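J.: got a predicted structure plus its sequence, pasted below:
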Amino acid sequence: MGFGDLKSKAGQEALNNYLADRSYIEGYTPSQGDNVVFSALSGAPGAGLPHALRWYSHIASYGNDRNSFPGQKKDLSTYGGAGAGSAAAKKPADDDDDDDDIDMFGSDDEADAALEAEKKKRVAEYAARKAKKPVLIAKSNIILEVKPWDDETDMKDLEKQVRTVATDGLKWGSSKLVPVGYGINKLQIMCVVEDDKVGTDFLEESITAFEDFVQSVDIVAFNKI
């Protein structure tokens, strides 16, 4: 049945619930399913939808590269909802049913040999599937707020400076200006980091090093992906 209208609150809540225990729309890696659903949104989900926001920030970090995600694009209505989870839920049951198809009570030597060969085949197939399963890299989605010194600080230059912070395991995402008052805005910017490579201390120290632009850095949100 899909998520419905992803530009509506109900559609985004359905997406948030769907992603509560998933990293991606389909499978364990980014696919065209993520690209299709991402494209159907008009912007980042609200802070009250943490799972959808975490997923959105992660997919946004790929930029135009998401068009090269594996898989084929399907109609938006085919993603999400009860239908998306049912196939995965049925898979273990299907594996169990395969064993039921074998006559465990056969006494004929040929039947026993065939049974043993079938077991070995299934073990080998299982081992091959497990070996192909991608290794998940622990990542986090972080939203930072960067405060300037005053209303005379050029926020475009400030953002350019922030985005020059680069290291392996760090990808910058979308950003926006948030009014503070008295004509002052602060920069709210998202990034995705690999937990084993990039820490919050590194981000804070690197950004506050631009002392002509930056007064302070705060972490607004920190979510595991």
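T.: Good, I have the coordinates.

J.: what about the helices in this protein?
T.: With DSSP state H as the definition, the chain shows helices at residue ranges 9-18, 32-40, 50-60, 81-100, 109-132, 155-163, 200-208.

J.: break this structure into its domains for me.
T.: Listed by automatic domain parsing, the domain ranges of the chain are 1-101, 139-224.

J.: could you tell me the least trusted of those domains?
T.: Lowest mean pLDDT within those: domain 1-101, at a mean of 80.

J.: right, so the helices of the chain: which one is the most enclosed?
T.: helix 50-60 (a mean of 22; mean count of other CB atoms under 10 Å). Every C-beta, even on glycine, is put in place using the N, C-alpha and C of the backbone.

J.: residues in contact with it?
T.: Residues from elsewhere that reach helix 50-60 (CB atoms under 8 Å, 6 or more residues apart in numbering): 12, 15-17, 19-20, 23-24, 30, 34-35, 38, 41, 44-47, 66, 139, 141, 143, 173-174, 190, 192, 221, 223-225.

J.: of those, keep whichever come out buried.
T.: 12, 15-16, 19, 23-24, 30, 34-35, 38, 41, 44-45, 66, 139, 141, 143, 173, 190, 192, 221, 223, 225 (16 or more other CB atoms under 10 Å).

J.: want to try a markdown table for the helices of the chain, with distance to Ile184 as columns?
T.: Listed next are the helices of the chain as a markdown table, based on distance: least, CB to CB, whole Å:
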| stretch | distance to Ile184 |
| --- | --- |
| helix 9-18 | 30 |
| helix 32-40 | 32 |
| helix 50-60 | 25 |
| helix 81-100 | 44 |
| helix 109-132 | 52 |
| helix 155-163 | 9 |
| helix 200-208 | 17 |
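
J.: what's the closest of those to Gly183?
T.: helix 155-163 (11.3 Å; CB to CB).

J.: let me know the angle separating that closest one from helix 200-208.
T.: Between helix 155-163 and helix 200-208, the angle comes out at 140 degrees (axes from the mean of the first three to the mean of the last three CA atoms, to 10 degrees).

J.: circling back: for Gln72, find the nearest of the helices of the chain.
T.: Taking CB to CB, helix 32-40 is the member of the helices of the chain nearest to Gln72, at 5.9 Å.

J.: tell me which other helices or strands the closest one touches.
T.: Contacts defined by 3 or more CB pairs under 8 Å, 6 or more residues apart in numbering; DSSP states H and E place helix 32-40 against helix 50-60.

J.: ok, now with 10 Å
T.: Counting contacts by 3 or more CB pairs under 10 Å, 6 or more residues apart in numbering; DSSP states H and E, helix 32-40 is packed against helix 9-18, helix 50-60.

J.: got the angle between it and helix 9-18?
T.: Using the same axes, to 10 degrees: helix 32-40 against helix 9-18 is 150 degrees.

J.: show me how far helix 32-40 is from its chain's centre.
T.: 12 Å (CA atoms, centre = their mean, to the nearest Å).

J.: tilt between it and helix 50-60?
T.: Between helix 32-40 and helix 50-60, the angle comes out at 100 degrees (the same axes, to 10 degrees).

J.: other residues contacting helix 32-40?
T.: Helix 32-40 is contacted by residues 2-3, 5-7, 11, 15, 18-19, 23-27, 30, 52, 55-56, 58-60, 62, 65-76, 78-80, 84 when judged by CB atoms under 10 Å, 6 or more residues apart in numbering.
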